[in-house]
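Undergrad: here is a sequence together with a model predicted from it:
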Amino acid sequence: MDLVSIFGILLAFTAIIGGQILEGGHVGSLLQLTAFIIVLGGTTGAIMLQSSPKIFFEGMRLAKWIIWPPKADPQLLIEQVMVWSNLARKGGLLALESQLDHLDDAFTRKGLQMLVDGGEPEKIRAALEVEISTYEKHHLDASKVWQAAGGYAPTIGILGAVLGLIHVMENLSDPAKLGGGIAVAFVATVYGVGSANLFFLPMSGKLKYLIEQEVVMREMLIEGLVSIANGENPRVIESKLQGYII
């Protein structure tokens, strides 16, 4: 669980609501169902129109990474590669076959299987790099769903404000209805600008960072497997992989 993300979300809400209270306003004045429907529905519709179904739903799925990011432990990966390297050094590449049953990650299993099958080092690298490239592009495209939401939400918020003002103008003769229209106008703008800059754009940025982490981990794995295939000394392999860690 990413506690920094949770704290950031709570801090954002606290800052906005706290500021409203300090200015003498009421929290209830920020709660407008009509404005919420306009901004959320309009933004969702816009990004659905922009994205393919596969990318849209993948973007929704990736949202959970903000709170529960994929595990990325470079040091643990290095230790695992060292175990494989020492096994291969003592018993040959076929000795690694027993390790396949303990792997849950499909990419890692595929790479190790190619190594056990005696694949040439550069062919192993080429095959796995193609898979990394596809993985990176697909996930970055999915993360852009939230970037797009951050671009559309403020404009939809302004649209909601205009709709609220239209409602106000239509009811100038009835002062009792003016307050509701004006509230929708301003709150819709708050929802649009606030959701874009406090949530959608930061989410997109964090997802891109997490995807880059996943790519680096896979590149480390490739380097380790190719080094084992080349028969390099385990200490040399470890030193090479440590270079990926900042």
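TA: That came through, no problem. Numbers count the residues shown, from 1 in each chain.
Undergrad: quick one, what contacts the residue positioned nearest the centre of the chain?
TA: Closest to where the C-alpha atoms of the chain average out (CA atoms, centre = their mean) is Leu207, at 2.3 Å. Contacts for Leu207 (CB atoms under 8 Å, 6 or more residues apart in numbering) come out as 62, 65-66, 139, 142-143, 146. Using the backbone N, CA and C atoms, a C-beta is placed for each residue, glycine as well.
Undergrad: try Ser5
TA: By CB under 8 Å, 6+ apart, Ser5 lies in contact with 66-67, 206.
Undergrad: so which of the residues you listed sit within helices?
TA: Residues of the contacts of Ser5 located in helices (DSSP state H): Lys206.
Undergrad: okay, buried residues for the helix or strand of the chain with the lowest mean pLDDT please.
TA: Across the helices and strands of the chain, the lowest-confidence element by mean pLDDT, DSSP states H and E is helix 178-195, at a mean of 80. Across helix 178-195, burial judged by 16 or more other CB atoms under 10 Å covers 181, 183-195.
Undergrad: list phi and psi for Ile158.
TA: Dihedral angles of Ile158 (phi, psi; degrees, to the nearest 10) stand at phi -70, psi -40.
Undergrad: just to revisit the earlier point, check the gap between the residue nearest to the centre of the chain and Gly45 for me.
TA: To Gly45, Leu207 is 21 Å away according to CB to CB, to the nearest Å.
Undergrad: now His26
TA: As judged by CB to CB, His26 and Gly45 stand 31 Å apart.
Undergrad: of those two, who's got more company?
TA: Taking other CB atoms under 10 Å, His26 and Gly45 do not tie; Gly45 has more neighbours (12 against 9).
Undergrad: below-threshold pLDDT in the chain: ranges please.
TA: For the chain, the stretches with pLDDT under 70 are 174-181, 183.
Undergrad: before we move on, back to that, could you work out the most separated pair of the contacts of Leu207?
TA: Ile66 and His139 (13.9 Å; CB to CB).
Undergrad: run through who's touching stretch 119-131.
TA: For stretch 119-131, the external contacting residues (CB under 8 Å, 6+ apart) are 107, 110-111, 114-115, 218, 221-222, 225-226, 229-230.
Undergrad: the same query, at a cut-off of 7 Å, please.
TA: Residues outside stretch 119-131 that contact it (CB atoms under 7 Å, 6 or more residues apart in numbering) are 107, 111, 114-115, 222, 225-226, 229-230.
Undergrad: ditto for stretch 6-15
TA: Stretch 6-15 has contacts (CB under 7 Å, 6+ apart) with 67, 198.
Undergrad: list the buried residues for it?
TA: 8-9.
Undergrad: mind starting the numbering at 563 from now?
TA: In the new numbering, first residue 563, that becomes stretch 568-577.
Undergrad: which parts of this structure belong to which domain?
TA: Domain assignment for the chain by automatic domain parsing gives 563-593, 594-808.
Undergrad: quick one, what contacts Leu783?
TA: Neighbours of Leu783 in contact, by CB under 7 Å, 6+ apart: 639, 670, 673.
Undergrad: ok, Gln804 next?
TA: Ile640.
Undergrad: separation between it and Gln675?
TA: Counting by CB to CB - Gln804 and Gln675 are separated by 26 Å.
Undergrad: same thing with Asn648?
TA: To Gln675, Asn648 is 19 Å away according to CB to CB.
Undergrad: now do Glu585
TA: 63 Å.
Undergrad: compare the two (neighbour count), which wins?
TA: Neighbours per residue, other CB under 10 Å: of Glu585 and Gln675, the larger number sits with Gln675, 14 against 7.
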